[in-house]
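Asks: Attaching a predicted model along with its sequence, questions to come.
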Amino acid sequence: MISENSSTSAPTRRKTRRRKTAHLKLVPESRELRERLRARCEEVAATLDKSRPVGKDEMEAISRQILAEAELGEGYVGWIMVTLSSAFWRDQISSIPPSRRLFLLPHCLKHAEGCPADYDEYGLDCKTCGACSIADFRGMAEDMGYKVLVAEGSPIVLKIIVSGYVDAIVGVACLNVLEKAIDKILLAGIPCMAVPLLSSDCRNTSVDEDWVLDMIKVPYSEQKPETRSYLHLMRAAAKLFEEDQLEVISPKLRGGQRISELNGHGLSGLDPIAATEAIAYDFLTKGGKYSRPFITMAVYDAMTGGDATLPQGEKVIEQWPIGVKRTAMSIETFHKASLVHDDIEDDDQFRYGEETMHSRYGIPTAINVGDYLVGMGYRLVSRESKDLGAEKVVDILDLLADAHQRLAEGQGAELLWRDSLSKRLRPIDALKIYALKTSPAFEAAFFCGLRLAGEIDTYVDAIKSFARNLGVAFQILNDLKDWEGDSNNKLDAGGDIIGGRPTVLWALALEGLAEEEQAELERMVEDQDRSTGEKIHRVKHLYEKANVFEQANQLVDKHQERAEAIANDIQPEELRQLLHYLIDSVLERHSEHQPTIQIPEPSFSSPLSILAQP
Ligand code: SF4
């Protein structure tokens, strides 16, 4: 039997989990079996400790026990995890009024052959023809006050919830989409309920409709939410860069107008001395994930009791010394500076859906604004002696300067390789570049949080190693995603080849191929006789021949395992849980499933405008 209160605060030993998951995402075929399993999930969920979100491994272990009890195989594990999570979060959803809930529907529920609805920037514009259940679900949810979105994908949902327009998500989705949502949304402690689609076919799908109606009708009761969540910290990190907040936390030195208020009249209306500051502040508000300031704030919170993850976390964060917020802000400011310079180095044309800084203002101005942001990052900390204490400020500045130099070394190594004639590269060298390019930013964010809370001596080795392994695994995963044509990141597969980046995939291929094929690979970058498509096709073939993708996945596993081993042994418990959450959310694995149709993602320039749509 599943023990009561299976979810406790005791450390959980974790194991690596890279594997194919398609066979774990079956939907119980008969309604009778689905009902029986759902009832059992509700019984088990009632016994779980609700004070913190259930971890992914823990949730899977409990789900497997439920299946073992029912003498069923592991095929339904994914479905049980979603159903169990939904039962776990039901009370918390109930504590949130419907007007603060987002109801998310997939477009594949529509009647594909006859649906008269079009897609616009807000997703599917249902014409309520009645041929599918979307109109009914939508109508009922809107009558109750829900915000409704017919769209898909956890990134947009995460942005909407972090922006503060809703506090909970209820939705219908296939198990492939829900698998990703677990990493991005559920583990952060964001209340979420879902009814899985009965298939993952992307077309003319169906769902247990009465379950969806039950979910929409979860009544509002004024009970207090009780589960810990990183949502307040995520929101606080993003809020630092809202225009008004930014100017309060880091008052402008030159005052003056905002770029957003120029209404397309160019910069001519600006005082030339104030213009650089105005452009820099404008760029800081443009977007991003704010993961670095989140890490600093979350580590600081974990080391000072973890109260910001409680339901009253927003008020807790408001009381923090402003020096904590300025330090978190400085990390993102350095990151933004590096993006401005990276975009020049790579001559990228778009960033955050807009023209890059150098495309808009020219390279000299962009370099200068990047420099301004670097100065701003240091200044945000250097003036905080009174609030934080001089010793702490010196230590944090030293940590930042160290990270800054190592990041520049990593970027420099990449640029020099890109521009050199020889394209030789050993896997060990690629990994060293990764460690320098990615890890110092994670490391600085961790150390700043730790130092803001106290001394860091006992954490130095563990955090350095954790950041290195997490950063390297993250970078290799990015390389692998480059070959999936990840629509969130790159438009086409193989962008790293076209950009001439020194990847571990390239190095592994050179190591594994015969001499003749190595030479062909090396010539490929400069080969003017082949089209881009031909080059990518051929490189992919050579990569597959050298078994590069499998080897790279094994490297991700190895670094993830190391990061997990470090997280397992770290104390206090709040920090241990945070490290595990970061591993799960940063190292998001793509499912083998690829949608067969491309649907335009709603734009996200204004979340409020999306949600205001009828
Ligand atoms: S109800 Fe809406 S989504 Fe469904 S088929 Fe009709 S127009 Fe399309």
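Replies: Nice, I can see it.

Asks: Only C-alpha atoms from now on, for both contacts and neighbour counts.
Replies: Will do.

Asks: dump the residue contacts of the nearest residue to M303 once chain neighbours are set aside.
Replies: Once flanking residues are discounted, M303 sits nearest to A453: 6.1 Å by Cα to Cα, 6 or more residues apart in numbering. Contacts for A453 (Cα atoms under 8 Å, 6 or more residues apart in numbering) come out as 300, 303-304.

Asks: most neighbours, which of those?
Replies: Y300 (26 neighbours; other Cα atoms under 10 Å).

Asks: per-residue pLDDT, that one?
Replies: If you check Y300, the pLDDT there is 98.

Asks: likewise the one 10 residues further on?
Replies: Each residue has a pLDDT score; the one for L310 is 94.

Asks: ok now the helix or strand hosting N469, how far from the chain's centre?
Replies: N469 is located in helix 460-482, with elements delineated by DSSP states H and E. Helix 460-482 sits 15 Å away from the centroid of its parent chain (Cα atoms, centre = their mean, to the nearest Å).

Asks: what does it rub up against?
Replies: Applying Cα under 8 Å, 6+ apart, the external contacts of helix 460-482 come out as 431, 434-435, 438-440, 442-443, 446-447, 490, 492-496, 503-505, 549, 552-553, 555-557, 559-560, 562-563, 566-567, 570, 583, 586-587, 589-590.

Asks: Which of those residues fall within strands?
Replies: In strands, judged by DSSP state E, none of these are found.

Asks: Would you list the buried entries among those residues?
Replies: Among the contacts of helix 460-482, the ones that count as buried by 16 or more other Cα atoms under 10 Å are 431, 434-435, 438-440, 442-443, 446-447, 493-496, 503-505, 549, 552-553, 555-557, 559-560, 562-563, 566-567, 570, 583, 586-587, 589-590.

Asks: Give the burial count for G306, as a bare number.
Replies: Using other Cα under 10 Å, G306 has 20 other residues around it.

Asks: wait, what's in contact with it?
Replies: E574.

Asks: Could I get the pLDDT score of it?
Replies: Each residue has a pLDDT score; the one for G306 is 96.

Asks: same check, this time on A10
Replies: 40.

Asks: Same question for the one 4 residues further on.
Replies: Note for R14: predicted pLDDT of 47.

Asks: Over to D183?
Replies: Note on D183: pLDDT of 70.

Asks: For it, what is the enclosing helix or strand?
Replies: Using DSSP H and E, D183 sits within helix 175-184.

Asks: can you give me how far that helix is from the chain middle?
Replies: Helix 175-184 sits 12 Å away from the centroid of its parent chain (Cα atoms, centre = their mean).

Asks: Same check on stretch 568-587?
Replies: 15 Å.

Asks: Which residues in that stretch does the neighbour count mark as buried?
Replies: For stretch 568-587, burial by neighbour count (16+ other Cα under 10 Å) applies to 568, 570, 573-587.

Asks: I'd guessed E179 sits against I80; true?
Replies: No. Counting by Cα atoms under 8 Å, E179 sits too far from I80 to count as a contact (11.6 Å).

Asks: Please identify which of these two sits among more neighbours.
Replies: Ranked by neighbour count (other Cα under 10 Å), E179 and I80 place I80 first, with 30 against 22.

Asks: Kindly confirm my reading that the more buried one is in a helix.
Replies: Yes. Counting by DSSP: H, G, I helix; E, B strand; the rest coil, I80 is part of a helix.

Asks: Report the spatially closest residue to it, excluding sequence-adjacent ones.
Replies: Of all residues not flanking I80 in the chain, S63 sits nearest, at 5.7 Å (Cα to Cα, 6+ apart).

Asks: Output the set of residues of the chain in proximity to the ligand.
Replies: 110-111, 115-117, 126-132, 134-135 (Cα under 6 Å from any ligand atom).

Asks: From these, list the buried ones, please.
Replies: Counted by 16+ other Cα under 10 Å, the residues of the chain next to the ligand give 110-111, 126, 128, 132, 134-135 as buried.

Asks: just to revisit the earlier point, secondary structure element for the residue nearest to I80?
Replies: Assigning secondary structure by DSSP H and E places S63 in helix 56-69.

Asks: Mind checking what secondary structure the residue of the chain most remote from its centre has?
Replies: Centroid-distance maximum for the chain: E516 at 40.7 Å, with Cα atoms, centre = their mean. When classified by three-state DSSP, E516 comes out as helix.

Asks: Look up how far the ligand lies from it.
Replies: 55 Å (Cα to the nearest ligand atom, to the nearest Å).

Asks: So for that residue, what's the pLDDT?
Replies: E516 is given a pLDDT of 94.

Asks: Next, the buried residues of the lengthiest helix in the chain.
Replies: Identified as the longest helix of the chain according to DSSP state H is helix 390-419. Buried residues in helix 390-419, defined by neighbour count with 16+ other Cα under 10 Å: 392-393, 395-397, 399-400, 403-404, 406-407, 410-411, 413-415, 417-418.

Asks: repeat for stretch 311-331
Replies: Burial within stretch 311-331, assessed by neighbour count using 16+ other Cα under 10 Å, is assigned to 311, 313-314, 316-317, 322-331.

Asks: Filter the residues you listed down to the ones in helices?
Replies: Secondary structure assignment by DSSP H places 313-314, 316-317, 322-331 of the buried residues of stretch 311-331 in helices.

Asks: Report the buried residues of stretch 187-206.
Replies: For stretch 187-206, the neighbour count (16+ other Cα under 10 Å) marks 187-200, 202-203, 205-206 as buried.

Asks: got the end-to-end distance for it?
Replies: End-to-end span of stretch 187-206 (Cα to Cα, to the nearest Å): 27 Å.

Asks: what about it, average pLDDT?
Replies: Average pLDDT, stretch 187-206: 86.

Asks: what does stretch 107-114 give?
Replies: The average pLDDT within stretch 107-114 is 82.

Asks: returning to that earlier point: what's the closest of the buried ones among the residues of the chain next to the ligand to D244?
Replies: For those, the closest approach to D244 (Cα to Cα) belongs to C126, at 36.4 Å.

Asks: can you pull the pLDDT of the closest one?
Replies: At C126, the pLDDT value in this model is 83.

Asks: residues in contact with it?
Replies: 116-118, 134-135.

Asks: Tell me the spacing between it and I169.
Replies: For C126, the distance to I169 equals 20 Å [Cα to Cα].

Asks: Now do the strand or helix carrying A39, average pLDDT.
Replies: Using DSSP H and E, A39 falls within helix 31-47. For helix 31-47, mean pLDDT rounds to 97.

Asks: now swap in stretch 523-540 and tell me
Replies: The average pLDDT within stretch 523-540 is 82.

Asks: That stretch: which residues count as buried?
Replies: Residues 524-525, 532, 535-536, 538-540 are the ones in stretch 523-540 that count as buried (16+ other Cα under 10 Å).

Asks: Save these as TSV, and put in secondary structure and distance to Q245 too.
Replies: As requested, the buried residues of stretch 523-540 are arranged in TSV below (DSSP: H, G, I helix; E, B strand; the rest coil; distance: Cα to Cα, whole Å):
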residue	secondary structure	distance to Q245
M524	helix	49
V525	coil	46
T532	helix	45
K535	helix	48
I536	helix	45
R538	helix	50
V539	helix	47
K540	helix	47
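
Asks: Out of those residues, flag the one nearest to D91.
Replies: Using Cα to Cα, the buried residues of stretch 523-540 come closest to D91 at K540, 48.9 Å.

Asks: and the closest one, how far is that from E534?
Replies: Here K540 is placed at a distance of 10 Å from E534 (Cα to Cα).

Asks: Could you do A401 as well?
Replies: Per Cα to Cα, A401 is found 43 Å from E534.

Asks: Could you do A39 as well?
Replies: From A39 to E534 the distance is 54 Å (Cα to Cα).

Asks: Likewise for T47?
Replies: Distance, T47 to E534, by Cα to Cα: 57 Å.
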